[in-house]
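Undergrad: I need the structure of the sequence given here:
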Amino acid sequence: MPAVSKGDGMRGLAVFISDIRNCKSKEAEIKRINKELANIRSKFKGDKALDGYSKKKYVCKLLFIFLLGHDIDFGHMEAVNLLSSNKYTEKQIGYLFISVLVNSNSELIRLINNAIKNDLSSRNPTFMCLALHCIANVGSREMAEAFASEIPRILVAGDTMDSVKQSAALCLLRLYKTSPDLVLMGEWTSRVVHLLNDQHMGVVTAAISLITCLSQKNPDEFKTCVSLAVSRLSRIVSSASTDLQDYTYYFVPAPWLSCKLLRLLQCYPPPEDGAVKGRLVECLETILNKAQEPPKSKKVQHSNAKNAILFEAISLIIHYDSEPNLLVRACNQLGQFLQHRETNLRYLALESMCTLASSEFSHEAVKTHIETVINALKTERDVSVRQRAADLLYAMCDRSNAKQIVAEMLSYLETADYSIREEMVLKVAILAEKYAVDYSWYVDTILNLIRIAGDYVSEEVWYRVIQIVINRDDVQGYAAKTVFEALQAPACHENMVKVGGYILGEFGNLIAGDPRSSPLVQFNLLHSKFHLCSVPTRALLLSAYIKFINLFPETKATIQEVLRCDSQIRNSDVELQQRAVEYLKLSSIASTDVLATVLEEMPPFPERESSILAKLKKKKGPGAVSVTELEDSKREGGELNGGSDRGPDTAAMAASNASTPSPSADLLGIRSSAPVGAAPTSAGSLLVDVFSEAGPAAPSAAVNDDGFLSSAPPSEDPAPPLSEADELLNKFVCKNNGVLFENQLLQIGIKSEYRQNLGRMYLFYGNKTSVQFASFTTTVSCPGELQSHILFPQLNVQTKAVEPLVEGGAQIQQVLNIECLTDFSEAPLLNIKFRYGGALQNLTLKLPVTINKFFQPTEMASHDFFQRWKQLSQPAQEAQKIFKANHSMDTEVLKAKLLGLGTALLDDVDPNPENYVCAGVIQTKGQQVGCLLRLEPNAQAQMYRLTLRCSKDSVSRRLCELLAEQF
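TA: You can find the predicted model right below:
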């Protein structure tokens, strides 16, 4: 057994640890532990009172056993008793045991809190630090409630020792992170900020961590910290390493504090005070200058500390984006790191340059390193560095170098790691579209992309090339010729077949004059790929075949023979069988004119944000972030895609996922529904495709918490509801889809569905301008009082967060999940805020959520209806209103509105055939409310009498109010 030092003080613990280490098997260890546990339990339960030393020793043994992975279910009270000891070692062991083993829900928390309070008020710095460390380690809400108001007082007290101040600052930071609502600085704010001027560097280092966290949540309250942070940073960067000897790390003065100061300044915009800003710029220049100096030590710790400060300084320069000289210098400094032997430095340099590339001041400077970045893409051994190089190439791309960068990325794609191929494909597709002046180059690039990495070409990519080809007449013939040649390869990827089938089905006639690509040759080429393809691709090819019959009548007999064969009309897949049967019948019975009308060329797709770009935005990482910031308008007056003939306000041709053809959709518009991607009925409508019958896929009625916010911060200073808010609401009482609001800037569309007491609403926000909407936020709130959470007594609404930026001409979607808890009368309010051209736009609407949305239609016979009608005969249960007709008294319109109300329209129930009778049950979480409705029109007097009887009087009145506005 190894010797035990006399200074250890707990020989029994040392012996026990030695015994455990000498155990030859797990069984022997467990046996020894059980023996020790039995001994400790007997000591704790014995009649003889244990002294402090013995308690400390046994509690230490329990702690060691727990750290070995065994459960401990006793000894907690003895540990709490140690807290009252006046000996440091005993109190330390007690706090250590509590920090590790005591659960935040333990019944002992109150006793522990009392002991902690005694130590905090003892003014003994050692005991105060132990207590503060325990609070931070446990960090429970109970402790936050008990000490959140006490710790700030200790932190700013003039007589508190520096070591206690450090512990207090870090303890308060821990409590703020776990229970921010309980840590209210209030009167302590200015005194906490002035800790940045403390003479003790350790206090400043601890305080700045707290101030940074507080500033991120409440920037306005702590904005006075900027000038103090700049002053402290200036003193550090201008000092020699000998000036701060105790806080100098390998010849670098206070590197951790410098990094924290620079990070704090990134929470705020550039200082408005000229003197403060000048001093900060001087600090940043000094840091950049020091980076150029020869190292004072060859140790890696010296270079790490020096580079940590440099990268934080560059992050601050990028954050401000207002000093061209500093941005260019930062770019040049990062350029030197691109060839550094240290892999981590190369990675960080590439990552920072991705952000620099989005600045108008430094974009050109970044472009000068293009050859180095291309070389890194080809030769780097680390895949993460290669990925950052690809991100930087993407970010620095513009019209001047687009062809070179796309060619290099395509070349790299052939050998790229599988983990990054999909993202690389998206980036190549976006760059090819974004900077395509010659669209034949765009078509070549995308087809080459499919050839090289077909498995990683998502549906959005080939949808996009089809959309662009259809929308541009000048490239259709070239696209048909190119895709025809690509399909002649022996091994052809299925995505190439999809593109070929679609384009040849639409524009094969443009190359049919050449004998080498005659109609029959085109058909045979496509059909040779048919049996190797998946079901969705075969469905697309069948649609292309029927298009061929319209374009090339001479192929009719051949194609009909293919459609007529058993493998088609008796196919096990119902989609293929249905297409084959319908297409065969259509080609047989339809005249040439009818066939030409049904199978006419697809109309141009509506212009909207690229679905490829939308998919890339969802991906995380620095490369994806810089995509949204890299706007051509900052550097080149032109638009991203398309020439002047498209107009100044049109962005690159795009279609949202809602209007994008899916593999199983009828791409060529054969079905009775409108063709996919059909042109909008009016040029100003951004959302026309949203309100088609197809719409988004029907979601599950159950509320899905993933990604939804059941609480959201309330909108500050919301605008009052628009004067026409009630009128807009009334338009949706009997319908679920439509345009809720529209002005010259914004269009808001709605598509919703309800099942029992649950509903899901899709809100579509369309930017009608060519200018980006910034700081776009939406808040759902209770009318009358804005709350910090979206929870009403009658409704539970969960919202999904929206993107803060809405590009010009783009559309974003927000999903709301709604649960009806009980009947309600007021509609929730939707507040929308965004900045347009620097001006804040603030408007409030009423969400069209009314009680009738939760109707379940109920069918019943005449006898049952009137029996139930008589049962609901109490005066409070009936609501009646006689009113003049506001709209046409057309029978079909009335029936449509009553069905849209959600009830069942009952025929042959009322003795008067002119009257309308409806029945339904309103489903809420708490109860079901039965409702009967009778509408008696008087055509001669142009009047109605509306009578409602419900099992709940408040529902009768509300429904009567709503319906009186509908007829």
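
Undergrad: where does residue 215 sit relative to residue 775, distance-wise?
TA: From residue 215 across to residue 775, the span is 19 Å (Cβ to Cβ, to the nearest Å). For the C-beta atoms, the positions are set from N, CA and C on the backbone; glycine is no exception.

Undergrad: Give me the more crowded residue out of the two.
TA: residue 215 (23 against 11; other Cβ atoms under 10 Å).

Undergrad: List the residues that contact the more buried one.
TA: 222, 223, 225, 264, 267, 268 (Cβ atoms under 8 Å, 6 or more residues apart in numbering).

Undergrad: which of these lies closest to residue 547?
TA: residue 267 (58.8 Å; Cβ to Cβ).

Undergrad: how deep is that closest one tucked in, by neighbour count?
TA: When neighbours are counted by other Cβ under 10 Å, residue 267 registers 20.

Undergrad: Counting neighbours, which bits of the strand or helix carrying residue 892 end up buried?
TA: Taking DSSP states H and E as the criterion, residue 892 maps to helix 891-900. Using 16 or more other Cβ atoms under 10 Å as the test for burial, helix 891-900 gives 894, 897, 898.

Undergrad: packing partners for the next helix or strand after it?
TA: Proceeding N to C from helix 891-900, the next assigned helix or strand is strand 904-906, under DSSP H and E. Counting contacts by 3 or more Cβ pairs under 8 Å, 6 or more residues apart in numbering; DSSP states H and E, strand 904-906 packs against helix 891-900, strand 916-923.

Undergrad: relative to helix 891-900, how tilted is the last one?
TA: Think strand 916-923. Interaxial angle of strand 916-923 relative to helix 891-900 (axes from the mean of the first three to the mean of the last three Cα atoms, to 10 degrees): 20 degrees.

Undergrad: just to revisit the earlier point, who's in contact with the helix holding residue 892?
TA: Contacts to helix 891-900, defined as Cβ under 8 Å, 6+ apart, come from residues 733, 734, 735, 887, 905, 916, 918, 933, 935, 937, 966, 967.

Undergrad: just flag whichever of the helices and strands packed on strand 904-906 has the lowest average confidence.
TA: Least confident of those, judged by mean pLDDT, is helix 891-900 with a mean of 84.

Undergrad: That one: how far from the chain's middle?
TA: Between the centre of helix 891-900 and the centre of its chain there are 40 Å (Cα atoms, centre = their mean, to the nearest Å).

Undergrad: Can I get that helix as PDB, trimmed to CA atoms?
TA: Provided in PDB are the C-alpha atoms of helix 891-900 (Å, rounded to 0.1, in the frame of the first residue of the first chain):
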ATOM      1  CA  THR A 891     -79.700  30.200 -54.200                       C
ATOM      2  CA  GLU A 892     -76.400  28.600 -55.100                       C
ATOM      3  CA  VAL A 893     -74.400  31.400 -53.400                       C
ATOM      4  CA  LEU A 894     -76.400  31.000 -50.200                       C
ATOM      5  CA  LYS A 895     -75.900  27.200 -50.200                       C
ATOM      6  CA  ALA A 896     -72.100  27.700 -50.800                       C
ATOM      7  CA  LYS A 897     -71.900  30.100 -47.900                       C
ATOM      8  CA  LEU A 898     -73.800  27.800 -45.500                       C
ATOM      9  CA  LEU A 899     -71.600  24.900 -46.500                       C
ATOM     10  CA  GLY A 900     -68.500  27.100 -46.100                       C
END
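
Undergrad: possible to save the helices and strands packed on strand 904-906 as CSV with distance to residue 876?
TA: CSV is the format used below for those (distance: least, Cβ to Cβ, whole Å):
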stretch, distance to residue 876
helix 891-900, 24
strand 916-923, 17
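
Undergrad: follow-up on the earlier one: now that you've got the contacts of helix 891-900, can you turn the buried subset into something I can paste into PyMOL?
TA: In PyMOL, a selection of the buried entries from the contacts of helix 891-900 looks like this (16+ other Cβ under 10 Å):
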select buried, resi 733+734+905+916+918+933+935+937+966+967
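
Undergrad: Which of the contacts of helix 891-900 fall in strands?
TA: Mapping those onto strands (DSSP state E) picks out 905, 916, 918, 933, 935, 937.

Undergrad: Once you drop chain neighbours, what's closest to the second one?
TA: To tie it back to what came earlier, the one meant is residue 916. Leaving aside its sequence neighbours, residue 916 sits nearest to residue 935 (Cβ to Cβ, 6 or more residues apart in numbering; 4.3 Å).

Undergrad: how about the one you found, what does it touch?
TA: Contact analysis of residue 935 by Cβ under 8 Å, 6+ apart lists 894, 898, 915, 916, 917, 918, 944, 945, 946, 947, 963, 967.

Undergrad: can you tell me how far it sits from residue 902?
TA: Going from residue 935 to residue 902 by Cβ to Cβ gives 15 Å.

Undergrad: Residue 912 too?
TA: 24 Å.

Undergrad: So for these two, which sits in the more crowded spot?
TA: Per other Cβ under 10 Å, whichever of residue 912 and residue 902 has more neighbours is residue 902, with 23 against 10.

Undergrad: which residues sit in contact with the closest residue to the more buried one other than its chain neighbours?
TA: Nearest in space to residue 902, with sequence neighbours left out and distances taken as Cβ to Cβ, 6+ apart, is residue 855 at 3.0 Å. Neighbouring residues of residue 855 by Cβ under 8 Å, 6+ apart: 901, 902, 903, 920, 921, 922, 923, 931.

Undergrad: Report pLDDT for the residue nearest to the last one when sequence neighbours are not counted.
TA: Distances taken as Cβ to Cβ, 6+ apart place residue 950 nearest to residue 931, at 4.5 Å, with adjacent residues excluded. For residue 950, the model assigns a pLDDT of 90.

Undergrad: start the count at 776, not 1, going forward
TA: All set: I'll call the first residue 776, so the last point we hit is now residue 1725.

Undergrad: just to revisit the earlier point, just the contacts of helix 1666-1675 now: which is nearest residue 1352?
TA: Of all the contacts of helix 1666-1675, residue 1352 sits closest to residue 1510, with 36.0 Å by Cβ to Cβ.

Undergrad: Please report how far that closest one lies from residue 1676.
TA: 10 Å.

Undergrad: One more: residue 1147?
TA: 68 Å.

Undergrad: out of those two, which sits in the busier spot?
TA: Neighbour tally, residue 1147 and residue 1676, criterion other Cβ under 10 Å: the higher count belongs to residue 1676, 24 against 17.

Undergrad: how about the strands in the stretch 876-1025 of the chain?
TA: Using DSSP state E, counting those that start in this stretch, the strands of the stretch 876-1025 of the chain run over 1023-1024.
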